[in-house]
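Student: how does the following fold in three dimensions:
(2 chains)
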Amino acid sequence: EDQVTQSPEALRLQEGESSSLNCSYTVSGLRGLFWYRQDPGKGPEFLFTLYSAGEEKEKERLKATLTKKESFLHITAPKPEDSATYLCAGLRGATNKLIFGTGTLLAVQP
Amino acid sequence: NAGVTQTPKFQVLKTGQSMTLQCAQDMNHNSMYWYRQDPGMGLRLIYYSASEGTTDKGEVPNGYNVSRLNKREFSLRLESAAPSQTSVYFCATPGQGSHEQYFGPGTRLTVT
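Tutor: Got it, this is the predicted structure:
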């Protein structure tokens, strides 16, 4: 069964304290691994797509990496405005269906 | 360029009432999706439409119907609302030439 698991469920960091969020996946014929940011009361906002193991993408303080079994979202020197829920999703081959994890709620304290 | 719009933003229904959630996109993609988001469950696919005139069931279709009105619009209908359908509903569509899906702002539905 296709599954995407994110850990930890919640993470509290001090401003400037770097860390990583994990996304483990078993998705049939994975065609892409996606990261989204979701603020309270809003829809998910697209961040990155990763297509193959070894690929990395960066945006400001965020860097996403991909292996054959998991993806990491590295947050370097986070700021309070990085506080949000981060969602990971795998695109199942031949169906164009996204399988979502339950997210990691990140809180960055000043 | 509004991307994906949804109406209404909030709705409260009584058990047994019906309603239609509306979604429109201006990203000119053929595919559109309806998800629901519940605490601890993540986003789950209700229905999707690969192109105008076609619809298919997703992971949790029971209690819902959909209509792909044209390329831009995809509606989700609850014929007889139940408390288990209390959720946040999101519509999404991919960007042109890409696989990532772009989401609307959501409809927060409460069924009492």
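Student: pull the contacting residues for residue 100.
Tutor: In the absence of a named chain, chain A is used. By Cβ atoms under 8 Å, 6 or more residues apart in numbering or on different chains, the contact set of A:Phe100 is A:Val4, A:Leu87, A:Cys88, A:Ala89, B:Gly42, B:Leu43, B:Arg44. In short, each C-beta sits where N, CA and C put it, glycine included.
Student: ah, I was thinking of chain B
Tutor: B:Glu100 neighbours (Cβ under 8 Å, 6+ apart): A:Gly32, A:Phe34, A:Phe46, A:Thr49, B:Pro94.
Student: rerun at 6 Å
Tutor: B:Glu100 sits next to A:Phe34, A:Phe46, A:Thr49 when contact means Cβ atoms under 6 Å, 6 or more residues apart in numbering or on different chains.
Student: and the contacts of stretch A:45-65?
Tutor: A:32-37, A:66-68, A:72-76, B:100.
Student: so B:Ser87 touches B:Asp38, yeah?
Tutor: Yes. B:Ser87 lies in contact with B:Asp38 (Cβ atoms under 6 Å); the separation is 5.3 Å.
Student: these two - which one has more neighbours?
Tutor: It is B:Ser87, of B:Ser87 and B:Asp38, that has more neighbours when counted by other Cβ atoms under 10 Å in any protein chain shown, with 21 against 14.
Student: now for the closest residue to chain A within chain B: which residues touch it?
Tutor: Taking Cβ to the nearest Cβ, chain A has its nearest neighbour within chain B at B:Phe103, 3.6 Å off. By Cβ under 6 Å, 6+ apart, the contact set of B:Phe103 is A:Gly43, A:Pro44, B:Phe90, B:Ala92.
Student: name the residue most distant from the centre of chain B?
Tutor: B:Gly97 (21.9 Å; Cα atoms, centre = their mean).
Student: looking at chain A, which residue is nearest chain B?
Tutor: A:Gly43 (3.6 Å).
Student: enumerate the beta-bridge partners assigned to the nearest residue to that residue once chain neighbours are set aside.
Tutor: Spatial nearest neighbour of A:Gly43, chain neighbours left out: B:Phe103 (3.6 Å); criterion: Cβ to Cβ, 6 or more residues apart in numbering or on different chains. Taking DSSP bridges as the rule, B:Phe103 bridges to B:Ala92.
Student: gap between B:Phe103 and B:Gly63?
Tutor: For B:Phe103, the distance to B:Gly63 (Cβ to Cβ, to the nearest Å) stands at 22 Å.
Student: repeat that for A:Gly41.
Tutor: In terms of Cβ to Cβ, A:Gly41 sits 24 Å off from B:Gly63.
Student: who's more crowded, these two?
Tutor: B:Gly63 (14 against 10).
Student: quick one, phi/psi of the more buried one?
Tutor: phi 90, psi 0 (degrees, to the nearest 10).
Student: what sits against it?
Tutor: Going by Cβ under 6 Å, 6+ apart, the list of residues near B:Gly63 is empty.
Student: how many residues are close by A:Thr95?
Tutor: 17.
Student: no, scratch that, I was asking about B:Gly104
Tutor: 26.
Student: so who does it touch?
Tutor: A:Gly43, B:Val4, B:Thr5, B:Gln6, B:Phe90, B:Cys91.
Student: farthest pair within the contacts of A:Phe100?
Tutor: Maximum pairwise distance among the contacts of A:Phe100 (Cβ to Cβ): 14.8 Å, between A:Cys88 and B:Arg44.
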